[in-house]
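K.L.:
I would like the atomic coordinates for the input below:
(4 chains)
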Protein chains: 2
Amino acid sequence: MKKKRVTLKDIAAELKVSISTVSRALKDHPDIDKTLTKKIKALAQKWNYIPNPLAMGLLRQQTQVIGVIVPDLVTYFFSSIISGIEDELQQAGYYIIISSSKESMEKEIECVHNLLNLRIDGLIVCLAQDSNDTAHFEKVLDHDVPLVFFDRVCLEKKVSTVVVDNVSMAKDITTHLFENGARKIAHITGPKHLNIVKERTEGYLKGLEQVGLLLDKKHLIHTDLSPNNAAKAIRGLLSLPSRPDAILGVNDTVIFATMKEIKNRNLKIPKDILLAGFSDEFHATVVEPNLTSVAHPTHDIGRNAAKLILEQIQEGRSIQKKIILNTELHVRESSTRH
Amino acid sequence: MKKKRVTLKDIAAELKVSISTVSRALKDHPDIDKTLTKKIKALAQKWNYIPNPLAMGLLRQQTQVIGVIVPDLVTYFFSSIISGIEDELQQAGYYIIISSSKESMEKEIECVHNLLNLRIDGLIVCLAQDSNDTAHFEKVLDHDVPLVFFDRVCLEKKVSTVVVDNVSMAKDITTHLFENGARKIAHITGPKHLNIVKERTEGYLKGLEQVGLLLDKKHLIHTDLSPNNAAKAIRGLLSLPSRPDAILGVNDTVIFATMKEIKNRNLKIPKDILLAGFSDEFHATVVEPNLTSVAHPTHDIGRNAAKLILEQIQEGRSIQKKIILNTELHVRESSTRH
DNA sequence: AAGGTTTGTGCAAAGCTTTGCAGGTAAAAT
DNA sequence: ATTTTACCTGCAAAGCTTTGCACAAACCTT
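P.N.:
Numbering: from 1, shown residues only, chains lettered A, B, ... in the order given. Down below sits the predicted model:
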């Protein structure tokens, strides 16, 4: 026998009062007799009454659900950001629905529509790598649904974002590689339309300039962010007559792929080639040698994105803010020569 | 200006017909005039009408939302199972809400209650490691909400589960270690109340027996599943006079911690110590040496759990089924001596 | 032409909650 | 004794959809 959830109606019937009286009593409305209020509250407690969120949602036109779209779930970077989002939203009484775009714009569009149809109260997104159109996000704004991007962002003029200073980090890491003896520093990165790609490339170029190195165009490679295609690109790099003596990856995943290829060729890290990546994945300290990487404050990125959503919900309007969080360069064996 | 979502009412008003006519026309009810139906459908299409899920939920007493509770999100094992669940449920028109119990029963209880209050249509769970009481899940059953456990399970008499054959896998892997020369095989595992711990321990003992080894009680260690405590346990193991020459971990995370400790002592894998784990994390092939591990069909585990939920929803009753999926032992460098 | 079908449309209730307003009772004031 | 006041409580609508039932008009039958 299905144990139906208890409703106001049930309590009202039991106590022979009206539904509205029960509703008011439960929120300590001064109009209701104190004794009656106490009795109603006692029964509600005993029967474990919980307001039906569907009814509330219908009434208030809000669902207490925030959508989150990430390129994938299996990367530590994203799962720990989600964990930050969850921490912040949960205590504000919101639920989150997580969707994975699997790095595909098509899937991303589908996710956005699904979530919109579900009537979410807000949306937090990290763009898919091949997301080069913004129409689906404009639609989110049209519906006046609060929107926040993190890490990979777009529509920055209208939408709040949480990012890191990619340019200066990429610059720092490039000069760091130089200081450790590298003179042919390659950068393997992703699709050109992504902000993180643009910014990190810019930082890389600035870094080269600062230490007085010239860019070898063959050493700047745009591929996609998948390990397989990264591996292919790396094989190309390693076969060049001007083989690089350092590789900066747009993220750690790319560098993990790189490591495998390098080991296959019996080259030594860091003796023959220095390596460094972005995002400081959990396994950066598990691989051998340990990987130098830019650590993002993932938990904080999540918390801040969540806070920006909550702010917009409270204000009842779209807000355009840009939060830039600090990163740390974690120098490890893969990029140091003594 | 908030762009309100279009409702049946809006369409009815525009076309000067009643709401019920619109409702019926949209589902091709034969009663409605064909021409009118066409007109209504055209407008609904143009205005991008989507039924309000809150109203539908209230009416049908279902939310189209399935809750998923996992011990953590950052392990590849869980995120890829979630990905399987998502694939299956999405095409059935369900949304999923993911909560992390962070391996804590307290948090798990909280998650269950939250999700129940949200009126989810079903719940898929992998137990937290210190979950040793089932009251909160009994409550789920009381409310007649479909429930499925995977991997770490309980209440098997009443609830559907998706698992692997831990006993035989642990046995196989133990004999495999023996065949590669190990004679002092240790097993480092988790809390005793967990089914996976019990079963893998049983398999380990059976394996020892089969190859004619006696259990050294100091070589069977129950700790918790956190890398830190695992590391502590491993330090103990490595300091024993009867230091093991092989370690079987209850999962890969434990073995990753083990690797670090072993390397700290300048012992060599697999020369001095063989290693093998469970669950074949993504990074099993990234670490050096590559880790031997039992590969779980994670995506399939997810899909099957989802299917069991859908089945129960369709049948309208609780079903007790046990699905045992096949695993594969991926033998790699960490456990082979030539 | 009158009764019987067929065909098409709308009313209203149910699902659950909140809240403005009306109404009722009893006590206080005149 | 009558009016006023204060204090409680309940009705009904709104939020959106589905669906059983009633009703109306037009057609057909005899």
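K.L.:
List the buried residues for the helix or strand where A:Ile324 lies?
P.N.:
Secondary structure from DSSP states H and E places A:Ile324 in strand A:322-325. Within strand A:322-325, the residues scored as buried using 16 or more other CB atoms under 10 Å in any protein chain shown are A:323, A:325. For glycine as for every other residue, the C-beta is placed from the backbone atoms N, C-alpha and C.
K.L.:
any idea of the mean pLDDT in it?
P.N.:
Averaging pLDDT along strand A:322-325 gives 97.
K.L.:
Run the chain-centre distance for that strand.
P.N.:
Put simply, strand A:322-325 sits 13 Å off its chain's centre (CA atoms, centre = their mean, to the nearest Å).
K.L.:
Can you name the residues in contact with that strand?
P.N.:
Applying CB atoms under 8 Å, 6 or more residues apart in numbering or on different chains, the contact partners of strand A:322-325 are A:156, A:160-165, A:296-297, A:300-301, A:304, A:308.
K.L.:
Local confidence estimate at the closest residue to A:Asp87 other than its chain neighbours?
P.N.:
Spatial nearest neighbour of A:Asp87, excluding adjacent residues (CB to CB, 6 or more residues apart in numbering or on different chains): A:Arg303 at 6.5 Å. Here the pLDDT value assigned to A:Arg303 is 97.
K.L.:
host element of A:Arg303?
P.N.:
Per DSSP H and E: helix A:298-315 holds A:Arg303.
K.L.:
who does the strand holding A:Ile324 pair up with?
P.N.:
strand A:160-164 (parallel) (DSSP bridges).
K.L.:
so how far is the helix or strand following the strand it pairs with off the chain centroid?
P.N.:
Scanning forward in sequence from strand A:160-164 by DSSP H and E, the next helix or strand is helix A:166-179. Centroid separation between helix A:166-179 and its chain, computed with CA atoms, centre = their mean, is 23 Å.
K.L.:
hmm, back to that, for the helix holding A:Arg303, name the packing helices and strands.
P.N.:
Helices and strands touching helix A:298-315, by 3 or more CB pairs under 8 Å, 6 or more residues apart in numbering or on different chains; DSSP states H and E, are helix A:76-90, strand A:122-125, strand A:147-150, strand A:160-164, strand A:322-325.
K.L.:
For the second one, which strands pair with it and how are they oriented?
P.N.:
Spelled out, it's strand A:122-125. By DSSP bridges, strand A:122-125 pairs with strand A:65-70 (parallel), strand A:147-150 (parallel).
K.L.:
List the contacts of the shortest one.
P.N.:
Strand A:147-150 has contacts (CB under 8 Å, 6+ apart) with A:81, A:122-127, A:137, A:140-141, A:155-156, A:159-163, A:301-302, A:304-305, A:308-309, A:312, A:318.
K.L.:
Quick one, which of those residues are buried?
P.N.:
Using 16+ other CB under 10 Å, the buried ones in those are A:81, A:122-127, A:137, A:140-141, A:159-163, A:301-302, A:304-305, A:308-309, A:312.
K.L.:
circling back: tell me who's in contact with the residue nearest to A:Asp87.
P.N.:
A:84-85, A:87-88 are the contacts of A:Arg303 under CB under 8 Å, 6+ apart.
K.L.:
Over to A:Ile221?
P.N.:
Counting by CB under 8 Å, 6+ apart, A:Ile221 has contacts A:186-189, A:233, A:236-237.
K.L.:
Would you double-check that it falls in a strand?
P.N.:
Yes: note on A:Ile221: a strand contains this position according to DSSP: H, G, I helix; E, B strand; the rest coil.
K.L.:
just to revisit the earlier point, could I get the contacts of A:Arg303 as a markdown table with neighbour count and pLDDT?
P.N.:
Shown next, in a markdown table, are the contacts of A:Arg303 (neighbours: other CB atoms under 10 Å in any protein chain shown; pLDDT from 0 to 100):
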| residue | neighbour count | pLDDT |
| --- | --- | --- |
| A:Gly84 | 20 | 94 |
| A:Ile85 | 28 | 96 |
| A:Asp87 | 14 | 91 |
| A:Glu88 | 21 | 94 |
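K.L.:
so which of those residues are also by DNA strand C?
P.N.:
Restricting these to those within reach of DNA strand C (CB under 7 Å from any atom of the strand) leaves nothing.
K.L.:
quick check, nearest of these to A:Met169?
P.N.:
A:Gly84 (19.7 Å; CB to CB).
K.L.:
hmm, back to that, what's the spacing between the following helix or strand past the strand holding A:Ile324 and its chain's center?
P.N.:
Using DSSP H and E, the helix or strand that directly follows strand A:322-325 along the chain is strand A:328-330. Its chain's average C-alpha position is 19 Å from that of strand A:328-330, according to CA atoms, centre = their mean.
K.L.:
got the buried residues for strand A:328-330?
P.N.:
Buried positions in strand A:328-330, judged by neighbour count with 16+ other CB under 10 Å: A:His330.
K.L.:
Could you list every helix and strand that it packs against?
P.N.:
helix A:166-179, strand A:292-295.
K.L.:
which regions of the stretch 51-200 of chain A lie under the pLDDT threshold?
P.N.:
The stretch 51-200 of chain A contains no residues with pLDDT under 70.
K.L.:
Contact residues of it facing DNA strand C?
P.N.:
Counting by CB under 7 Å from any atom of the strand, the stretch 51-200 of chain A sits next to DNA strand C at A:51-52, A:54-56, A:58-59.
K.L.:
Just flag the most distant two among those.
P.N.:
Largest pairwise distance in these, by CB to CB, is 11.8 Å, between A:Pro51 and A:Leu58.
K.L.:
Comparing those two, which shows the higher neighbour count?
P.N.:
Between A:Pro51 and A:Leu58, counting by other CB atoms under 10 Å in any protein chain shown, A:Leu58 is the more crowded of the two (18 against 13).
K.L.:
pretty sure that one belongs to a helix, no?
P.N.:
Yes: under three-state DSSP, A:Leu58 falls within a helix.
K.L.:
OK, contacts around it?
P.N.:
B:52, B:54-55, B:58.
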